[in-house]
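A.B. asks: Predicted model follows, preceded by the sequence.
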Amino acid sequence: MRSPAAPSVPSVWELYEGAEQLVTDGSFSTLDTADAMRFLRARDHYAATRRDWSVYESALKRALEPTSRWYGYATTDFFGWATPDSRGWDQKALNYFYEPIPAARMLTCPVLNILGEHDTPEAAKISIPLLRRALAEAGDTDVTFRVLPGVNHNLFVARSGIAHEMNRVSDFSPEFFPLVAQWLHRVTRLSYSFSNDATKK
């Protein structure tokens, strides 16, 4: 879910994650990181609004210079399209700027939302309260949020949320499957109980 900020900028945690990966690598300067963030903002502004192509084009040209090493950095989101009518822009806008809150306000079914402790912290801090509020507005009272300890965005046991660690992780969260199984057991038993009550009437 994107932040409640204007749709012309990337969400807070996307910027945080991209910058964090460059800093963690240790071989990029402060100027490199600043250039990468400028590129990301220009790209996502164009993806969301289809305006100011020249600003993005200028940022892309700078990103593709031989001295720039961060463009296309493995596992990051530092890439873009060379033409203003590329189909990639539509996909980007659909994935990055979809706003799920209106749909959440219509949910009345049981909800289980699972995040990893090492997923970008801003994501949980911002998204969980927003989703709780939206589901409450829908009248949904069976809502469970769980942040699993010691795991990343993909719920693998990890020391951090940095995507570069993914090639060194192999163990899935030991809490995930028991949690899902217990939750499904509870909600399906509850559903069966409601179904029987309705049949008896």
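C.D. replies: Done, it's in.

A.B. asks: C-alpha only now, for contacts and for neighbours.
C.D. replies: OK.

A.B. asks: How is the protein divided into domains?
C.D. replies: Domains of the chain are assigned by automatic domain parsing as 12-96, 101-200.

A.B. asks: Could you list the low-pLDDT ranges of this protein?
C.D. replies: 1-17, 75, 121-122, 161-167, 191-201 (pLDDT under 70).

A.B. asks: Could you spell out the sheet neighbours of the helix or strand encompassing residue 144, each with its direction?
C.D. replies: For residue 144, the element it lies in under DSSP states H and E is strand 143-148. Partners of strand 143-148 in the sheet, by DSSP bridges, are strand 111-116 (parallel).

A.B. asks: Name the residues that touch the strand it pairs with?
C.D. replies: Outside strand 111-116, the residues that touch it by Cα atoms under 8 Å, 6 or more residues apart in numbering are 124, 142-155, 183.

A.B. asks: One more pass at 7 Å, please.
C.D. replies: Residues outside strand 111-116 that contact it (Cα atoms under 7 Å, 6 or more residues apart in numbering): 142-149, 151-153, 155.

A.B. asks: what do you get for stretch 76-95?
C.D. replies: Around stretch 76-95, the neighbours that count as contacts under Cα under 7 Å, 6+ apart are 18, 40, 43, 47-48, 53, 71-72.

A.B. asks: Over to stretch 169-188?
C.D. replies: 151, 155-158.

A.B. asks: ok, which pair from those residues is furthest apart?
C.D. replies: For the contacts of stretch 169-188, the farthest-apart pair by Cα to Cα is 155 and 158; their separation is 8.5 Å.

A.B. asks: List the buried residues for the helix or strand encompassing residue 54?
C.D. replies: Using DSSP H and E, residue 54 falls within helix 53-63. Of the residues in helix 53-63, 53, 56-57, 59-60, 62-63 count as buried by neighbour count, 16 or more other Cα atoms under 10 Å.

A.B. asks: In CSV, list these along with distance to residue 84.
C.D. replies: Listed next are the buried residues of helix 53-63 as CSV, based on distance: Cα to Cα, whole Å:
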residue, distance to residue 84
53, 7
56, 10
57, 9
59, 14
60, 12
62, 17
63, 17
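
A.B. asks: just checking, which of the contacts of stretch 169-188 belong to strands?
C.D. replies: Here DSSP state E is the test, and those give no hits in strands at all.

A.B. asks: ok, so of those residues, who is nearest residue 106?
C.D. replies: The closest of the contacts of stretch 169-188, once distances to residue 106 are taken by Cα to Cα, is residue 155, at 27.6 Å.

A.B. asks: end to end, how far does stretch 95-111 reach?
C.D. replies: Terminal residues of stretch 95-111 lie 22 Å apart, using Cα to Cα, to the nearest Å.

A.B. asks: How about stretch 46-55?
C.D. replies: For stretch 46-55, the end-to-end distance is 9 Å (Cα to Cα).

A.B. asks: Now do the buried residues in it.
C.D. replies: 46-48, 50, 53.

A.B. asks: any idea how far the residue nearest to residue 145 when sequence neighbours are not counted is from residue 87?
C.D. replies: Excluding the flanking residues, the one nearest residue 145 by Cα to Cα, 6 or more residues apart in numbering is residue 113, at 4.8 Å. Counting by Cα to Cα, the gap from residue 113 to residue 87 is 31 Å.
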